[in-house]
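In: Let's see this in three dimensions:
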Amino acid sequence: MKQLIFMAMLLLATTSCFAGGHSPQQKQKKETVAAKPKMNILYFHGKQRCITCRAIEKLTKEALHELNQKDVAMQVIDISDPKNETLAQKFKVSWSSLFLERGNKRVDLTQMGFRYAKNRPDEFKRQLKAEIAKIKK
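Out: All right, here's what the predicted structure looks like:
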């Protein structure tokens with residue numbers, strides 16, 4: 001009888017350890033998947049950058065901060081660094097460029113950036129925010 005009670009308690013203890021659902025590693029993996037950005041903003045630049053190139057990066061970061069979007073991530077990529085060569089080839093860039101990417105959608109905002117970032121920063125941020133909203137639909 002004592003053995004039966006012992007076995008029942010052991011079984012109960014074993015099953016209660018697994019009753020919590022997911023292990024800590026599984027929970028962390030789920031959180032990582034949930035935290036993965038749904039949209040990327042990729043800003044490519046070379047080693048030497050002009051005033052406009054630096055303005056594009058600065059204003060893009062400001063616009064993202066103003067939007068406070070957790071599902072949008074920005075990557076600043078130096079195309080003169082050999083480790084970024086594959087990514088630069090994927091986007092077919094050889095100089096400063098700005099892209100929005102969500103899934104298989106890609107929007108090239110390079111011309112808009114060079115048109116407005118230096119002399120009309122408010123217009124640059126307005127159009128960038130509008131493009132982010134548009135690609136999210």
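In: Surely residue 117 and residue 124 touch.
Out: Yes. Counting by CB atoms under 8 Å, residue 117 touches residue 124, with 4.8 Å between them. Bear in mind the C-beta positions are built from the backbone N, C-alpha and C, glycine included.
In: Now do the shared contacts for these two.
Out: 55-56, 59 (CB atoms under 8 Å, 6 or more residues apart in numbering).
In: possible to save those residues as TSV with secondary structure and pLDDT?
Out: Listed next are the shared contacts of residue 117 and residue 124 as TSV, based on DSSP: H, G, I helix; E, B strand; the rest coil; pLDDT from 0 to 100:
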residue	secondary structure	pLDDT
55	helix	95
56	helix	95
59	helix	96
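In: Among the residues you listed, name the buried ones.
Out: Using 16 or more other CB atoms under 10 Å as the burial test, the shared contacts of residue 117 and residue 124 include 55-56, 59 as buried.
In: before we move on, the earlier item: let me know the closest of the shared contacts of residue 117 and residue 124 to residue 75.
Out: residue 56 (13.5 Å; CB to CB).
In: I'd like the buried ones among the shared contacts of residue 117 and residue 124 as JSON lines, with distance to residue 90 appended.
Out: Below are these laid out as JSON lines (distance: CB to CB, whole Å):
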{"residue": "55", "distance to residue 90": "25"}
{"residue": "56", "distance to residue 90": "20"}
{"residue": "59", "distance to residue 90": "24"}
